[in-house]
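Participant: sequence-free structure coming up:
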DNA sequence: CTTGTTTGTTTAAACGTTTAAGCATATTTT
DNA sequence: AAAATATGCTTAAACGTTTAAACAAACAAG
């Protein structure tokens, strides 16, 4: 790469010191009482040489990199892709850039990633924490690193986070199924200790209980992230056979629903006639399903914005209290639950 | 944030100079003939204080940031999300991190993004160039910035790029439709000057011509990126009405197909009975469509890997020739073209 | 005509590294 | 014993900025 133009180069050309150039180019000319003529000359030379400040040098001096580190589960998953996008935009509006990494729901990878980002001197982190990463969160707190958890959090560890009201959203989704006359409502969720999924399970159970539908049959099935396909298939096999097959299915996430719907197609189960469907998250696939899928829309835009806002607040000089933000999600009704 | 531990801190604790610590911690102890005992002591103190090298200072000194800048059209689009993911992984394997930005197919945004990334001293760029960004590519070449174009390129401007064989892939896709007995094959593509899309159009036309199906009816319709929905609807309206409605449809991209299939559903057109479908790119939605969609699978993993490989090569000390890589895509046959 | 203030500019130190060069001691070779 | 070499460590400069402090010159006030 061609050698870049530095302050010194401009200074030499203008016959002044580098300091003066710095003052002018950072618009501190007034404060530093730089002569009008020389200021103009400096600006002109800077333009002529196409001077671009060296961000790294600035960062070293200022101790701030104007960079946000983003750790998501998997950037190729549209849910996280969308989160990344809103964070990118919001960061840019505030003159920050984003470095990202995917943790693959793996705590070890997550920690290694966080450390890479910290070594790169990010000013703060936005993280979707993985299962078993409680220690990492505690450590970050101890290190006094500004960070915000997004999508998930640990109830036992007070920290900044931006989440949706998982319990309430799940409750509403299941209630919707019940109101459509379904009585044997199943749920497929991940087997995890993560609170956001478990809150969805709680919402499911609570809705059933409130409508006296929590029979002795346990229709809540769990799939392992690592065995997504086989476990989802097994769950559906269990739920949709026997004397009292489920007449409705609530999926805890996008990925579970996709896998589940594919299998439901294979089995030739008719939606919504035989089986009503509601899923968390949205996706092109839901719209394209022959019976477009009713889903819980997460307010990704708001979540991303809030996460950046809170993070910037935390990174400010005056340390703010921890912010725990919970946003309401919206049940978007399509056709997969009948009319 | 807590003040980080620096070489000086370790040096003070060990009672030596910072230089010595640097030698030890960068494993140049042998070369610099550092005493074994003191080396051990330094390593121990570094561990105790949890020393993490300041990447920014290193970058400033070395002139290399070990960062790759990635400019995609939109990170929330799964196609680009996947590209980003493979680039991330491959970069990480080589101790690089990735800063990204989305250009939204907008040349101005793209340029502004590229400049932000360059100011941040990225060592090289991987770019999906937008329409009308020829000057940017020329400029980057003139500036001698290492970069690789991915997914798209400008035939008139020699540069490193990694693309797929768009002509061949489209030709095969359309040939497949013809072999299934379809004679009135339509195509919906973007209206653009970008070569990758136009090569797909050329493949379409050429396949039709070779089978004497290029009648006087022009069944190639173009949609504007900015008016995706309305233009796709209009195109389908035109193609699927009249005395000789299309009996097959080839979509030039994922996003066009999704929009198109939704509309086809609305119109109640049966796939594949009335209309066979092939699309470029893959997506969950294609699998979930009642008649799973036959598609052209882009070798995203290979593309990402190659892009990083070529970029690293270009960033190396010994400047290599420009690499123009074209990878073959694969036609994945599902059910949307009949059996 | 001293003293004080304003104006315009430079110097120098700092951020945290890296690394060539320098400088003592110690050890080996003549 | 003097000379050469090896060993172990320190100094200092550099990367490109920022910014407090210093300084000189011009001007104003007493």
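Facilitator: Received the coordinates, thanks. Predicted, not measured: the structure shown is a model, and the values here were computed from it.
Participant: now do the same contact list for the nearest residue to residue A:153 once chain neighbours are set aside.
Facilitator: With sequence-adjacent residues excluded and distances taken as CB to CB, 6 or more residues apart in numbering or on different chains, residue A:153 is closest to residue A:161, at 3.9 Å. Where C-beta positions appear, they are placed from N, C-alpha and C, glycine not excepted. Residue A:161 is in contact with A:148-150, A:152-153, A:323-325, counting by CB atoms under 8 Å, 6 or more residues apart in numbering or on different chains.
Participant: now do residue A:306
Facilitator: Applying CB under 8 Å, 6+ apart, we find residue A:306 in contact with A:162, A:325, A:327.
Participant: try it again at 6 Å.
Facilitator: Applying CB atoms under 6 Å, 6 or more residues apart in numbering or on different chains, we find residue A:306 in contact with A:162, A:325.
Participant: who in chain A is up against chain B?
Facilitator: By CB under 6 Å from any CB of the partner chain, the residues of chain A that approach chain B are A:1-2, A:52, A:55-57, A:59-60, A:75-76, A:78, A:81-82, A:84-85, A:97, A:99, A:119-121, A:143-145, A:258, A:261-262, A:284-285, A:287-290.
Participant: okay, and which of those map to helices?
Facilitator: When DSSP state H is applied, the residues of chain A next to chain B are split such that A:55-57, A:59-60, A:78, A:81-82, A:84-85, A:119, A:143, A:258, A:261-262, A:284-285, A:287-288 fall in helices.
Participant: of those, just the buried ones, PyMOL syntax please.
Facilitator: Selection of the buried residues among these in PyMOL, burial being defined by 16 or more other CB atoms under 10 Å in any protein chain shown:
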select buried, chain A and resi 55+56+57+59+60+78+81+82+84+85+119+258+261+262+284+285+287+288
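Participant: from the ones in helices among the residues of chain A next to chain B, list the ones also adjacent to DNA strand D.
Facilitator: The subset of these lying close to DNA strand D, counting by CB under 7 Å from any atom of the strand, consists of A:57, A:60.
Participant: hmm, back to that, what separation do you get for the residue nearest to residue A:153 and residue A:89?
Facilitator: Counting by CB to CB, to the nearest Å, the separation of residue A:161 from residue A:89 is 20 Å.
Participant: mind checking the pLDDT average for stretch A:32-42?
Facilitator: Per-residue pLDDT values over stretch A:32-42 give a mean of 92.
Participant: tell me how far it lies from the chain's centre.
Facilitator: 47 Å (CA atoms, centre = their mean, to the nearest Å).
Participant: now do that stretch: everything it contacts.
Facilitator: Stretch A:32-42 is contacted by residues A:14, A:21, A:23-24, A:29 when judged by CB under 6 Å, 6+ apart.
Participant: now tabulate those in CSV and tack on secondary structure and pLDDT.
Facilitator: Written out in CSV, the entries for the contacts of stretch A:32-42 read as follows (DSSP: H, G, I helix; E, B strand; the rest coil; pLDDT from 0 to 100):
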residue, secondary structure, pLDDT
A:14, helix, 95
A:21, helix, 96
A:23, helix, 96
A:24, helix, 96
A:29, coil, 82
